[in-house]
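1. could you look at this predicted model? Sequence included:
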Amino acid sequence: MLVLASLGSVGRATACELPQVRDPGRPRIVYRLGEGQGQVRFEAKAFMHDFTGKTSKVTGAIRLTQPDRLADAEACVRIDAASLDTGNSTRDDIMRKDHLETAAFPTVDFLLRSLEGTTPQPGGWEFVAKGTLSLHGVTREILLPIRARQEGDSVRLTGDIPLKMTDHRIRIPKFLFFTVEDQVVVSFDVTARRAQ
């Protein structure tokens, strides 16, 4: 399983936007991730009752100076938290209202700061993305291992992340006779297409 490390302290959520271009005269390659171009899922465990949630409402952008130069990559990804669906409408209503509080915190954002440990692989790379995750009004610095594969003019990104709800001030769900474990596993499989 890939590992997520929380490095920073609690902070305010940030908008999901790429930083301004530092050198406007230098060409850039931009990949865009649009809704329906992949999926983000979470797996939650409770005594005798495990469940999953998923959404395809994921958007974002990746900016590079060269296709094979990842050191200066910039990226941001946004997930529509209110669209997470577990297949149970009652549970989804409770999750959105009482736990994720999506009326106040409608998105989950990841903003890339740097890449570490970039390793070429057949057809792509493996690396650790260092950045900030903004979830439920709390922003934390994280290390996010990612596998990236070039597929024509697109890049496919996959990974698995253990994440604690309490790290983001999310109340642990309790339904009838069971309590959900604090740690959930988030997985993603998304494709960003080259825009320019």
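-> Yes, it's here. Residues are numbered from 1 along each chain as shown.

2. in space, not sequence, find me the middle residue of this protein.
-> By CA atoms, centre = their mean, the chain has its centre lying nearest to residue 110, at 5.7 Å.

3. ok, which stretches of this structure are helices?
-> All helices of the chain, identified by DSSP state H, fall at 89-94.

4. could you pull out the strands for it?
-> 5-6, 29-33, 38-44, 51-55, 58-64, 74-80, 107-121, 124-135, 138-151, 154-164, 174-175, 178-179, 183-194 (DSSP state E).

5. now those strands in a markdown table, with distance to residue 98 and mean pLDDT?
-> Placement of C-beta: from N, CA and C, glycine included. Compiled in a markdown table, the strands of the chain are given as follows (distance: least, CB to CB, whole Å; pLDDT from 0 to 100):
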| stretch | distance to residue 98 | mean pLDDT |
| --- | --- | --- |
| strand 5-6 | 24 | 38 |
| strand 29-33 | 29 | 92 |
| strand 38-44 | 15 | 96 |
| strand 51-55 | 15 | 95 |
| strand 58-64 | 24 | 92 |
| strand 74-80 | 18 | 94 |
| strand 107-121 | 17 | 93 |
| strand 124-135 | 16 | 95 |
| strand 138-151 | 17 | 94 |
| strand 154-164 | 18 | 94 |
| strand 174-175 | 10 | 77 |
| strand 178-179 | 14 | 82 |
| strand 183-194 | 16 | 96 |
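
6. got a markdown table for those strands, with distance to residue 99 too?
-> As requested, the strands of the chain are exported to a markdown table (distance: least, CB to CB, whole Å):
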| stretch | distance to residue 99 |
| --- | --- |
| strand 5-6 | 19 |
| strand 29-33 | 26 |
| strand 38-44 | 11 |
| strand 51-55 | 11 |
| strand 58-64 | 20 |
| strand 74-80 | 15 |
| strand 107-121 | 13 |
| strand 124-135 | 11 |
| strand 138-151 | 13 |
| strand 154-164 | 13 |
| strand 174-175 | 10 |
| strand 178-179 | 12 |
| strand 183-194 | 11 |
